[in-house]
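Engineer: sequence and computational prediction follow.
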Amino acid sequence: MELRRGEILALLGENGSGKTTLMNMLSGIYYPDSGAIYAEGKEVVIRSPKDAFDLGIGMIHQHFKLVDVLTAAENIILGLKGSTFINRKKLANEIRDISEKYGFSLDPYKKIYDMSVSEKQKVEIVKVLYRGADVLILDEPTAVLTPQESDVLFDMLRKMKEDNKAIIIITHKLNEVLALSDRVCILRKGELVGEVETKDATITSLTEGMVGRAVNLEIQREPGNFGEERLDISGLTCLNDDGLFSLNNINFGLRSGEILGIAGIAGSGQKELCEAIAGLYPIQSGSILFKNNNETSELSGLSPIEIARKGVHLAFVPEDRLGMGLVAGLDMVDNMMLKSYHDDKGFLVDRKKPKEAAEKLIKTLEIVTPGVSTPVRRLSGGNVQKVLLGREIESAPSVLVVAYPVRGLDINSSYTIYNLLNEQRKSGVAILFIGEDLDVLLELCDRIMVLCGGQLSGMVDATTATKEELGLMMTQIANDK
Amino acid sequence: MLGGFDFVNFIFMAVIAATPLLFATLGEILTQKSGSLNLGVEGMMSMGAAAAIAASYFYESAAGAGLSGFVSASLAVLIGFLAGALGGLIYSVLTVTFRANQNVTGLALTIFGIGAANLVGELLGIRAGGRTTVDDATKTMFSGINISTLSDIPVIGRIFFSYNFMVYLAIITAVILIILFNKTRTGLNLRSVGESPATADAVGINVTKYKYIAASVGGGICGLGGVYISMATIGGFAGTWDNNIIAGRGWIAVALVIFAAWRPARAMIGALLFGGLSALWLYLGPWLQNHLPNASIPQQVYNVLPFAATILVPIITSIRQSKDHSQPKSCGTNYFREER
């Protein structure tokens, strides 16, 4: 594989195809067993991140490597040699110069913990540019950005390209590849299987290259068969630890047989909303009415177990995947039991039924695991997510709250999850789907609700809405509301 | 209202009592800034204390009649520092290289340090026929200085220019740490190691080296607190120490680190407050006796004050939450590069 100056190369591949491994070798985190890396015609050895910096290679990781309590400027010069004492004024000016050159602004004195995701990304970019990088590697840079923020990022990258820098971008979003890159390299199972000029590529051809066979990329959306209203949320307001509104006067209804999508920039109240419904987050005011067979009950004030008994199930996939859904050290059977042991009679727990359920899940969801007694920690991300979602579905919920179920999954696994959700929808489950990828939200959901800073900034019909519309609502509260 | 209360001498005594606390607090702040929660402060102080007496004792025996108080004191400070640093080094080897649990290692270091110090104290005592103290020439070095004109100024002379050299050394250490943390690249790198070792590692900072050096130098500074106690507070006495030599001051220092919010400047205020609490009985006691003879408080109650206050510290500081002034985030957990 080769990379030229003044170009943007997109690197594509499914999960575990070796994209990140390859890039980690360029940036000095891993060391290759064999093979050689050439820079400007000379063979080079990259043994540490420092070697990579010396060659002008800078990597922007998917999970930012920044120190929260330090300022942007302090993060940028971290680890660099130089005068013993830090000249903050000069440094700030240098940072402003770099950011102005590529058409964005960055406050050098701002602390990282006060920054939005896109600001943090800018700090990371300036950090590598400040070190004199000519080669920038970005690992899924748009995964956490709104469409507008992504556009700003792409403009920056194009300006860098004009400045004769070489850029590698790893992404799952094929339309971004087509819009931004000059060339595309495709990896499959650790091998370079294709290299094409972007102008000759289409979404279908790229996907086939990645997966190795033709795939159907349509999410099967059948016309909605909406039933009665299952959840009726009105005036839901929650305060966070600092006494500020984390959710402010949220009103919406959720019908059976419907997938209601929730979009929003990370931290706009999605997590709080999920947890409030599941009884894990204290509610300041407002009500959550749950309706089933003409029975109406109030969920706020009930304990999580009581809520779960009514058939409201939460499958939240946090960034570290295991956080609150599954217990990493326990095996599948134990994890299945966490939800069911309350119903056992007697003093001892019954391991037989959950074991059968676990075995069934492995079969139906094609979970790759050595067996039901392997700790879930050892499973790959996609399989962990299947276990989590499978367990929640297993208990035959009437309301299913799923948050980021495809986080970090490749196209194939993602579609397994989408199909799973669609099946549930068909069988009349009311689904609240919190997602990151707007394209998917638009394809999968019936309606989409947008959260912005803890407020409801819009509710649209997914069949007619556009990405731009959603993106705008994600960043500002609609005026005509 | 407090007529007859001897403020000048009270402050003088508070500073004297605050100095070992300040050393220990500064040493622990430096250690924690690198992400190591070393609870072995008491142990490292004990090691420093015993090593200082031993250093002076052996130098004095070797030098005979021609001994120099200056050399003896310098050796005491140097060896005391190295003994504390050895404690920090042991801690680093166990937690950084062998990845032992930080809390357990710190507690073990406390037990080890106190035991080793008691052993040294007893041995020195036995050699000298039961008990001994360092020579008067050495003791003089650890009593107050007298800068003729400055020390003679009323009140100000007593409050600012009459302590022994270690008091000023403690203040200089605090100032050096303030500059290190806030103005230098080394300090910035150190803070990043303590906050997020993975980030530091990714930009090429040698995390292991920073942790070793911070914990060792930090241990050495704690050791200086011990030197102060053995040489100045108890006057270089070796033998059987009641209630071990540091008597819990190391634990107060651990609480003071939290009180100081990991800032050396606040550590000075905190140490002075706690020093004041332990000096209170000397002045408030007699004052109460004169003014309110029925309200006298037993000395034991005064003695317990600094320890009772340490319980209040986490309560008070937990009310005031600030991202800038909280414990370095990686504190208490060891860093594995492979575990991502």
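Structural biologist: In hand now; what should we look at? Numbers count the residues shown, from 1 in each chain, chains lettered A, B, ... in the order given.

Engineer: CA atoms for contacts and neighbours, from now on please.
Structural biologist: Fine.

Engineer: number of nearby residues for the residue of chain B found nearest chain A?
Structural biologist: Closest contact between chain B and chain A, by C-alpha to the nearest C-alpha, is at residue B:184 (4.3 Å). For residue B:184, the count of nearby residues is 18 (other C-alpha atoms under 10 Å in any protein chain shown).

Engineer: backbone phi and psi for the nearest residue in space to it that is not next to it in sequence, please?
Structural biologist: Spatial nearest neighbour of residue B:184, chain neighbours left out: residue A:85 (4.3 Å); criterion: C-alpha to C-alpha, 6 or more residues apart in numbering or on different chains. Dihedral pair for residue A:85: phi -90, psi 150, per degrees, to the nearest 10.

Engineer: hang on, the earlier thing: so what's the residue of chain B closest to chain A up against?
Structural biologist: A:84, A:85, A:86 (C-alpha atoms under 8 Å, 6 or more residues apart in numbering or on different chains).

Engineer: who touches stretch A:182-192?
Structural biologist: A:1, A:7-14, A:16-19, A:177, A:193-199, A:206, A:209-212.

Engineer: now, the residues you listed that are in strands?
Structural biologist: Secondary structure assignment by DSSP state E places A:8, A:9, A:10, A:11, A:12, A:13, A:193, A:194, A:195, A:196, A:197 of those in strands.

Engineer: buried only: go through those for me.
Structural biologist: Buried subset of those (neighbour count, 16 or more other C-alpha atoms under 10 Å in any protein chain shown): A:8, A:9, A:10, A:11, A:12, A:13, A:195.

Engineer: part of a helix, is residue B:28?
Structural biologist: Yes. Assessed by DSSP: H, G, I helix; E, B strand; the rest coil, residue B:28 belongs to a helix.

Engineer: kindly state the pLDDT recorded for the spatially closest residue to it that is not a sequence neighbour?
Structural biologist: Among residues not flanking residue B:28 along the chain, residue B:218 sits closest, at 5.9 Å (C-alpha to C-alpha, 6+ apart). Looking at residue B:218, its pLDDT stands at 98.

Engineer: please pull out the lowest mean pLDDT helix or strand from the chain.
Structural biologist: Went with chain A since none was named. Of all helical and strand segments in chain A, the minimum by mean pLDDT, DSSP states H and E falls on strand A:312-316, at a mean of 70.

Engineer: hmm, no, I was thinking of chain B.
Structural biologist: Lowest by mean pLDDT, DSSP H and E among the helices and strands of chain B is helix B:148-152, with a mean of 75.

Engineer: and the next helix-or-strand element following that helix, how far out from the chain's middle?
Structural biologist: Proceeding N to C from helix B:148-152, the next assigned helix or strand is helix B:156-160, under DSSP states H and E. Taking C-alpha atoms, centre = their mean, to the nearest Å, one finds helix B:156-160 lying 23 Å from the centre of the chain it belongs to.

Engineer: quick one: mean pLDDT for helix B:156-160?
Structural biologist: Averaged over helix B:156-160, pLDDT sits at 83.

Engineer: could you say what helices and strands the very next helix or strand once past that helix packs with?
Structural biologist: Once the chain leaves helix B:156-160, the next helix or strand it forms, by DSSP H and E, is helix B:165-183. Contacts defined by 3 or more C-alpha pairs under 8 Å, 6 or more residues apart in numbering or on different chains; DSSP states H and E place helix B:165-183 against helix B:7-33, helix B:185-195, helix B:264-291.
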